[in-house]
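Visitor: Sequence below, structure please.
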Amino acid sequence: MNAFARLNLALGIACAAALALAVALGETTLSADQWREAFVDPTSGPADVLWRIRAPRAACALFVGAALGLGGAVMQGLLRNPLAEPGVLGVSAGGGAAAALAIVLGLASVPGGVELASVAGAGLAALALLAFVQRVPSPAGLILFGVALSALGAAGTALVFNLAPTPLAAAEVMAWLMGSVENRGWAEVAWIVAPAALAAGLAHLCGPGLRGLALGEDTARTLGLRLQRLRTLALLAASLAAGAAVAVAGAIGFVGLVAPHLVRRFVRDDPGRLWAPSALAGGLILMVADLAVRIIPTEQELKLGVVTSLVGAPLFALIAARAARSWRS
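Guide: Numbers count the residues shown, from 1 in each chain. Just a heads-up that it's a prediction; the model follows:
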């Protein structure tokens, strides 16, 4: 077994252990009899706690984190920028603005209404990115256009807040945008699994191209790489991953930035192999963070997006400082 396979195996075991802990631990402590009842009687109260509340929530955290980690790895490889992440392209902001509008319009009471609106908003942002990259095939230009889309999405969200018909509607939008996997069920797990799997397939196809692109665009062209096709596939992968994550869990920042950096040195900075361990690391990060918000004794449960931002912002500053030193040298 090579080092890459051992890395993925170790991360997979860590994810499985975190998933088991997330199901086992919570506000309610189950006795040995209740544990036995949960496995014997699927209609019992303990079974509801384990398999209908904790398990789907943990699974949502796993797949949302994996989607964000995968998206971050693909974006950092495509843009050759260690500070890139899915949010930098404006896909998350587009999905968030569309979801906020859906909540204000009362679509939260419709099954899948908010999720479909978020996916549509993220899809529109992705289409705009694809149209832009067809005309301006420049990493710097793509980043700037992504920043513009992010600003537009933030402005749209602010407009929704401004025009919210009631304070309750505004509060619902704020709660959703802070990010959480609380009260998520197996239906929400289904929402994230299919797009994440498709994004993983696209990331796998991009692997050899991202490896060649790391040598520079001129070298990549001499190797026969079709850069336009590579950019399209990579953008689709990152957009699918980010859009699905926002649709299910709201805005959760910094996971897509931090996860690739935690595993980068183990793959020797190979962007073609970075996405798989980054996805596992992202899932592990978000499961641990969600477990922390559940067991930390607070009067009101902390929002998952708040916790990841509090931890991720200092790590972002550290990564930026290291990148600045490498650029100066």
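
Visitor: Would you map the helices across the stretch 1-150 of the chain?
Guide: 3-24, 32-40, 45-47, 55-79, 91-104, 113-135, 139-163 (DSSP state H, counting those that start in this stretch).

Visitor: Output those as TSV; include the columns mean neighbour count and distance to residue 308.
Guide: Every C-beta, even on glycine, is put in place using the N, C-alpha and C of the backbone. Converted to TSV, the helices of the stretch 1-150 of the chain look like this (neighbours: other CB atoms under 10 Å; distance: least, CB to CB, whole Å):
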stretch	mean neighbour count	distance to residue 308
helix 3-24	15	15
helix 32-40	13	30
helix 45-47	16	30
helix 55-79	30	9
helix 91-104	28	13
helix 113-135	20	18
helix 139-163	16	18
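
Visitor: Would you mind giving these as TSV with mean pLDDT added?
Guide: Below are these laid out as TSV (pLDDT from 0 to 100):
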stretch	mean pLDDT
helix 3-24	92
helix 32-40	86
helix 45-47	85
helix 55-79	92
helix 91-104	87
helix 113-135	82
helix 139-163	85
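
Visitor: Which among the ones you listed is found nearest to residue 210?
Guide: helix 55-79 (3.8 Å; CB to CB).

Visitor: Residue 310: how many residues sit nearby?
Guide: Residue 310: 12 surrounding residues under other CB atoms under 10 Å.

Visitor: could you measure it against residue 234, distance?
Guide: Separation of residue 310 from residue 234 (CB to CB, to the nearest Å): 30 Å.

Visitor: now residue 302
Guide: 34 Å.

Visitor: ok, now residue 191?
Guide: 23 Å.

Visitor: When those two are compared, which one has more neighbours?
Guide: Legend: neighbour count by other CB under 10 Å for residue 191 and residue 234, higher for residue 234 (26 against 23).

Visitor: Look at the more buried one and report its pLDDT.
Guide: Note on residue 234: pLDDT of 88.

Visitor: Could you do the one 5 residues further on as well?
Guide: Residue 239 carries a pLDDT value of 83.

Visitor: give me the number of residues near it?
Guide: The burial count for residue 239: 30, using other CB under 10 Å.

Visitor: Within the helices and strands, which one has it?
Guide: Element membership of residue 239, judged by DSSP states H and E, is helix 227-249.

Visitor: center of the protein, which residue is that?
Guide: The centroid of the chain falls nearest to residue 68 when counting by CA atoms, centre = their mean (2.4 Å).

Visitor: just checking, it touches residue 251?
Guide: No: using CB atoms under 8 Å, residue 68 is not in contact with residue 251; the gap is 10.7 Å.

Visitor: top helix in this structure by residue count?
Guide: Longest among the helix segments of the chain by residue count, using DSSP state H, is helix 186-213.

Visitor: hang on, the earlier thing: packing partners of the helix holding residue 239?
Guide: helix 55-79, helix 91-104, helix 113-135, helix 186-213, helix 217-222 (3 or more CB pairs under 8 Å, 6 or more residues apart in numbering; DSSP states H and E).

Visitor: 6 Å - rerun?
Guide: helix 55-79, helix 91-104, helix 113-135, helix 186-213 (3 or more CB pairs under 6 Å, 6 or more residues apart in numbering; DSSP states H and E).

Visitor: Now the helix or strand following that helix - C-alpha only, CSV.
Guide: Later in the chain than helix 227-249, the nearest helix or strand by DSSP H and E is helix 255-263. In CSV, the C-alpha atoms belonging to helix 255-263 read as follows (Å, rounded to 0.1, in the frame of the first residue of the first chain):
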residue,chain,number,x,y,z
VAL,A,255,-13.6,24.4,5.5
GLY,A,256,-12.9,24.5,1.7
LEU,A,257,-9.8,26.6,2.5
VAL,A,258,-8.4,24.7,5.4
ALA,A,259,-9.0,21.1,4.5
PRO,A,260,-6.6,21.0,1.5
HIS,A,261,-3.9,22.7,3.5
LEU,A,262,-4.1,20.0,6.2
VAL,A,263,-3.3,17.2,3.7
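
Visitor: can you list the residues that contact helix 255-263?
Guide: Residues outside helix 255-263 that contact it (CB atoms under 6 Å, 6 or more residues apart in numbering) are 65, 68-69, 71-73, 76, 85-86, 274, 277-278, 281-282, 285-286, 308, 312, 315, 319.

Visitor: and of the helices of the stretch 1-150 of the chain, who's closest to residue 176?
Guide: helix 91-104 (6.2 Å).

Visitor: what's next to the closest one, contact-wise?
Guide: 86, 113-114, 117-118, 120-122, 124-126, 150, 153-154, 156-157, 160, 164, 169, 172-173, 177, 239, 242-243, 246, 251.

Visitor: follow-up on the earlier one: quick one: mean pLDDT for the longest helix of the chain?
Guide: Per-residue scores along helix 186-213 average to 90.
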